[in-house]
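1. with the sequence up front, the predicted model follows.
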Amino acid sequence: MRAIRVTSHGGPEALEVSEVEVPEPGPGQLLVDVAASGVNFIDTYQRSGVYSVPLPFTPGSEGAGEIVAVGPDVDGFAVGERVAWAMTPGSYAEKALVPARAAVKIPDGVDTRTAAAATLQGMTAHFLVTSTHEIKTGETALVHAAAGGMGLLLTQLIKSKGGNVIGTVSTDEKERLAREAGADEIIRYTEADVAAEVKDLTDGRGVDVVYDGVGKSTFEASLASLRPRGTLALFGGASGQVPPFDPQRLNGAGSLFLTRPSLAHHVLTREELEWRAGEVFGWISSGALHIRVSGTYSLEDAARAHEDLEGRRTTGKLLILP
């Protein structure tokens, strides 16, 4: 079968298509024909070496497809069923080994590609608005990169919970998409002082929470945009990792809360995984949550997918179709 292999850390050119043996599922594993693999910033962090992953490896932390073989000691899954997964490496391939404990069944109301596009980012958006900072009616959130895959999901979920959204974007098209998702106010981060605009829009108070997946280039504006005792949820580093800073600054800025959450720690039990995935898939089935797939790529074009994502030339979700 064909799979992307990374033999040395580096730029997008490190993604190489290789012929590899079809793996056999071991105890607790499923072998899945991969219909689609989601492209996420964590894939770029692993490829570049920001996140340490033993070499060589096949990237791709999220995908969906049909089970073609079931290993020993697996209950509740059968050949022919459609499943999706997240936080499991090896999805940039025609077939993937998936631990049964990480797989969730795709309901009839959700197509396979949509499931691949929604699992990692959907559950991440879910924990951010329900667990990291539970959005309450009337609260205001600042969402950076509001037209990106995560930004569009966060905006929809915040609005569904009665919150208000101030989104940051860079172009007319991205503003249009963010507003269609429900953003109440938009700030062009390339043209304005984000924190000053936030304070103007909130009558000097600041927002209750900032959802920041951009990182290095937005961190200072995120802190300066919060109300006293507000929360900065730093869930990614699309522009680079935030350098070390003095935590005493959180006190001086109003007893702020800063957290760096990740999905792996929010699906620690089977019950939590099924709750988060079940709600995300339920919202998709009912039409309450829209998943925008803006780009699809072959395995041979995986490097271009990473270039487009890192270059912030995309909106919505990118998929690799093995």
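-> Yes, it's here.

2. tally of neighbours for R205?
-> For R205, the neighbour count with other C-beta atoms under 10 Å is 14. The C-beta positions use only the backbone N, C-alpha and C, and glycine is treated the same way.

3. secondary structure class for it?
-> Here R205 is recorded as coil under DSSP: H, G, I helix; E, B strand; the rest coil.

4. use 571 as the first number from now on
-> Yep, numbering from 571; the last one is R775 now.

5. ok, now which ones touch the closest residue in space to it that isn't next to it in sequence?
-> Once its chain neighbours are removed from consideration, R775 has its nearest residue in R797; the separation is 5.2 Å (C-beta to C-beta, 6 or more residues apart in numbering). Contacts for R797 were tallied using C-beta atoms under 8 Å, 6 or more residues apart in numbering; they are 772, 775-778, 824.

6. how about E583?
-> If you count contacts by C-beta under 8 Å, 6+ apart, E583 has them with A873.

7. could you check how far it is from R572?
-> Applying C-beta to C-beta, to the nearest Å, one obtains 18 Å for the distance of E583 from R572.

8. pretty sure T707 contacts G733?
-> Yes. Here T707 lies in contact with G733, judged by C-beta atoms under 8 Å, at a distance of 7.2 Å.

9. looking at these two, which is more packed in?
-> When T707 is set against G733 and neighbours are counted by other C-beta under 10 Å, the residue ahead is G733, at 23 against 8.

10. ok, and the closest non-adjacent residue to that one?
-> Taking C-beta to C-beta, 6+ apart, and ignoring the residues beside it in sequence, G733 has I705 as its nearest neighbour in space, at 4.4 Å.

11. and for D778?
-> Setting aside the residues directly before and after it, D778 is nearest to E709 in space (C-beta to C-beta, 6+ apart), at 4.3 Å.

12. do A791 as well
-> The spatial neighbour of A791 that comes closest, neighbours along the chain excluded (C-beta to C-beta, 6+ apart), is V764 at 4.1 Å.

13. which pLDDT does the model give that neighbour?
-> At V764 the predicted local distance difference test score is 98.

14. mind listing what it touches?
-> If a contact means C-beta under 8 Å, 6+ apart, then V764 has 712, 738, 757, 788, 791, 795 as its contacts.

15. ok, the first one - contacts?
-> Taking C-beta under 8 Å, 6+ apart as the definition of contact, the neighbours of L712 are 736-738, 764, 768, 777, 779-782, 792, 795.

16. what is the nearest of these to R882?
-> Within these, the smallest distance to R882 is 11.7 Å, found for T738 (C-beta to C-beta).

17. follow-up on the earlier one: distance to V680 added to the contacts of V764, as JSON lines?
-> Conversion of the contacts of V764 to JSON lines gives the following (distance: C-beta to C-beta, whole Å):
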{"residue": "L712", "distance to V680": "30"}
{"residue": "T738", "distance to V680": "30"}
{"residue": "I757", "distance to V680": "33"}
{"residue": "T788", "distance to V680": "32"}
{"residue": "A791", "distance to V680": "36"}
{"residue": "S795", "distance to V680": "35"}
